[in-house]
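**Q** No sequence on hand, only this structure:
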């Protein structure tokens, strides 16, 4: 498990405070609304590395830091609530044996797939607003030669800022924490955190 939980939460708190400060003066925008508008967006998520023990501490499994890229779709129920889903793909270096067969030590590159369904709460009605988000989904890793292929439920929480730069284009930046239910033989869940960024195109 990670040993930097306090650092992670300091980052999240810092993002929220900076977002609130930046939002000062943006509450009196001209008439405008994101309500009842759909969204399409490319997305980027940095996944930090994590190390867990396996087989009751007899082995160690390490996944290195990795960027993931993908796309998402969302809908704004009103100026505050946004439901969105996204899929992300990337690859991660794995050391100290495979996840499924930890007795086979070595170094491998595993493909990573992440699917999220999130509910965002935009705190302000203005174009620039801090936000909080939470959701659930699926995390999958696969590597053909070592026959690694596992899919597990994943949850996430985050905080950040959204800036609707025009009536149809927005930027969302979130610092997100992701935890994945236990892989086969692992003693603890994997945990990842990192920055997520999306360039959003809105439509009616």
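**A** That came through, no problem. None of these values were measured; they are calculated from a predicted model. Numbers count the residues shown, from 1 in each chain.
**Q** From the contact counts, what lies against whichever strand or helix holds residue 93?
**A** Following DSSP states H and E, one finds residue 93 within strand 81-95. When contacts are defined as 3 or more CB pairs under 8 Å, 6 or more residues apart in numbering; DSSP states H and E, strand 81-95 sits against strand 38-47, strand 59-63, strand 66-76, strand 107-122, strand 128-143. (Glycine included, C-beta is placed from N, CA and C.)
**Q** I'd like the distance between the residue lying closest to residue 85 once chain neighbours are set aside and residue 95.
**A** Closest residue in space to residue 85, ignoring its immediate chain neighbours: residue 117 at 4.7 Å, by CB to CB, 6 or more residues apart in numbering. Counting by CB to CB, to the nearest Å, the separation of residue 117 from residue 95 is 31 Å.
**Q** repeat for residue 118
**A** Look at residue 118 and residue 95: by CB to CB, they are 31 Å apart.
**Q** of these two, who's got more company?
**A** Using other CB atoms under 10 Å as the criterion, residue 118 and residue 95 rank with residue 118 on top: 22 against 15.
**Q** residues contacting that one?
**A** 83, 84, 85, 86, 133, 134, 135, 156 (CB atoms under 8 Å, 6 or more residues apart in numbering).
**Q** Show the pLDDT at it.
**A** Looking at residue 118, its pLDDT reads 98.
**Q** Kindly report the same for residue 155.
**A** For residue 155, the model assigns a pLDDT of 95.
**Q** Check residue 5 too.
**A** We have a pLDDT of 54 for residue 5.
**Q** just residue 1 next, same as before
**A** Looking at residue 1, the pLDDT reads 48.
**Q** looking at the sheet around the nearest residue to residue 63 once chain neighbours are set aside, what are its partners?
**A** Leaving aside its sequence neighbours, residue 63 sits nearest to residue 92 (CB to CB, 6+ apart; 4.8 Å). Here residue 92 sits in beta bridges with residue 110, going by DSSP bridges.
**Q** that older thread, now do the strand holding residue 93, average pLDDT.
**A** Computed over strand 81-95, the average pLDDT equals 91.
**Q** Buried ones in it, by neighbour count?
**A** By neighbour count with 16 or more other CB atoms under 10 Å, strand 81-95 contains the buried residues 82, 84, 86, 87, 88, 90, 91, 92, 94.
**Q** Next, the contact list for the fourth one, please.
**A** To tie it back to what came earlier, the one meant is residue 87. For residue 87, the contact set (CB under 8 Å, 6+ apart) comprises 70, 71, 72, 113, 114, 115.
**Q** if you set the cut-off to 10 Å instead, what comes out?
**A** 43, 68-73, 113-116, 137-138 (CB atoms under 10 Å, 6 or more residues apart in numbering).
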